[in-house]
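Q: Provided below for reference: sequence and predicted model.
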Amino acid sequence: MNARAAAAGEGRGEPRGFACLLLVLATLFWSGNFVLGQAMSTSIPPLTMSYWRWQVALLLLLPFALGGMRREWGLIRAHLPRLALLGVALFNTCVYIGLQSTTAINALLINSAIPVWIMLLAMSFIREPVTGRNLAGVLFSLCGVVYLIVRGELGLLLRLDPNTGDLWILAATLAWAVYSLLLRRWKPAALSPISFLTFTMLVGVALLGALHWSGVTGEAPIIWGRGELISIGYFALFPSLVSFICWNEGVARVGAPTAGHFIHLMPLFGTLLSVLLLGERVLPYHLVGAALIGTGILVSLKRS
């Protein structure tokens, strides 16, 4: 009996552990998206950045996805309106616009509100259960994010002034929270992750392409250089393809309220990327923030 119970426990734990790994990878590559997106904000206009990111990602994915989409087209057509509303364009376009006129501190701090949005929307509109552990985990993780971003000087919070960029980032966080909640309910379970991602990318590229090529946004033409090409390549491969597949599967396995906690890893990963790429030092406040973020995630994931 004990052996059978242990085996059953391992069977339940393995998918959950794999889901956590997927969510960690998604947030790692998205952290790079924020860092690189701000670094290239003066070289690539925001809508142009979003369009070429998804256009290249779609071209990379299509050879592997066309056969599956043909086989699953009946399922896609049966859920067409809902799947079309899960397009990939909105969140990243809002982020790139916001990064044009806000600081990294403001952007990352506002982005950490995603788990709070998810829980509020889950409780208010779709009655998805939110436990006390989820709420406690959000508080721990949010404290860690704030402590990390303000570099251990809580007085900096009083000097964060919202601007237009902050409002765009806030709109992006709300859009992502809605996407995460609808994903688990609207994505057909029988639809493969690659077919789902490819279709939502087709919708996003069609919308962004219409805006980009019509010139209605008035963005200046991009001057292509080595940095621009490498950046678009990173945006297309890792934050677009790898992260979305990992996030979609992670949310499907553990639910949006639990998955939302992993967003708090992004400021931590952003700090580590800055250390590796920019030569910055790891300071005591980094360790305190990391400990609080990790505690929040563990509290929310721990079973009763």
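A: Nice, I can see it. None of the values given here were measured: they were computed from a predicted structure.

Q: For the helix or strand hosting residue 173, list every residue counted as buried.
A: Residue 173 belongs to helix 164-186 when assigned by DSSP states H and E. Neighbour-count burial for helix 164-186 flags 165-184 (criterion: 16 or more other C-beta atoms under 10 Å). Just so you know, the C-beta spots here come from the backbone N, C-alpha and C atoms, and that holds for glycine as well.

Q: Ok, stretch 244-259 next?
A: 244-259.

Q: Same question for stretch 62-78.
A: 65, 68, 69, 72, 75, 76.

Q: Quick check: the two most widely separated of these?
A: Pairwise distances across these peak at 14.0 Å for 65 and 75 (criterion: C-beta to C-beta).

Q: Mind giving me the packing neighbours of the helix holding residue 173?
A: helix 80-85, helix 89-98, helix 104-111, helix 114-121, helix 243-254, helix 256-259 (3 or more C-beta pairs under 8 Å, 6 or more residues apart in numbering; DSSP states H and E).

Q: where does the stretch 1-150 of the chain dip in pLDDT?
A: Residue ranges of the stretch 1-150 of the chain with pLDDT under 70: 1-15, 103-105, 126-130.

Q: repeat that for 80
A: Counting by pLDDT under 80, the stretch 1-150 of the chain shows low-confidence ranges at 1-15, 102-110, 112-113, 115-116, 119-120, 122-135, 138, 141-142, 145-146, 148-150.

Q: quick one: the helices in it?
A: Taking DSSP state H, counting those that start in this stretch as the criterion, the stretch 1-150 of the chain carries its helices at 2-39, 46-71, 73-78, 80-85, 89-98, 104-111, 114-121, 132-149.

Q: Out of those, flag the one nearest residue 188.
A: helix 73-78 (5.7 Å).

Q: Show me what the closest one is in contact with.
A: Contacts with helix 73-78, where a contact means C-beta atoms under 8 Å, 6 or more residues apart in numbering, come from 69, 83, 188, 190, 191, 195, 199.

Q: For those, which PyMOL command selects only the ones that are buried?
A: Only the buried entries of those go into this PyMOL selection, using 16+ other C-beta under 10 Å:
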select buried, resi 69+83+191+195+199
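
Q: Can you lay out the contacts of helix 73-78 as CSV showing secondary structure and distance to residue 299?
A: Output for the contacts of helix 73-78, formatted as CSV (DSSP: H, G, I helix; E, B strand; the rest coil; distance: C-beta to C-beta, whole Å):
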residue, secondary structure, distance to residue 299
69, helix, 40
83, helix, 34
188, coil, 33
190, coil, 34
191, coil, 33
195, helix, 36
199, helix, 36
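
Q: Tell me the one of the contacts of helix 73-78 nearest residue 117?
A: Relative to residue 117, the closest of the contacts of helix 73-78 is residue 83; by C-beta to C-beta it sits at 22.2 Å.

Q: My guess is the closest one contacts residue 197. True?
A: No: look at residue 83 against residue 197 with C-beta atoms under 8 Å: they stay out of range, at 10.8 Å.

Q: Quick one: mean pLDDT over stretch 198-218.
A: Averaged across stretch 198-218, the pLDDT comes to 92.

Q: buried sites along that stretch?
A: Under the neighbour-count rule (16+ other C-beta under 10 Å), stretch 198-218 has 198, 199, 200, 201, 202, 203, 204, 205, 207, 208, 211, 212 buried.
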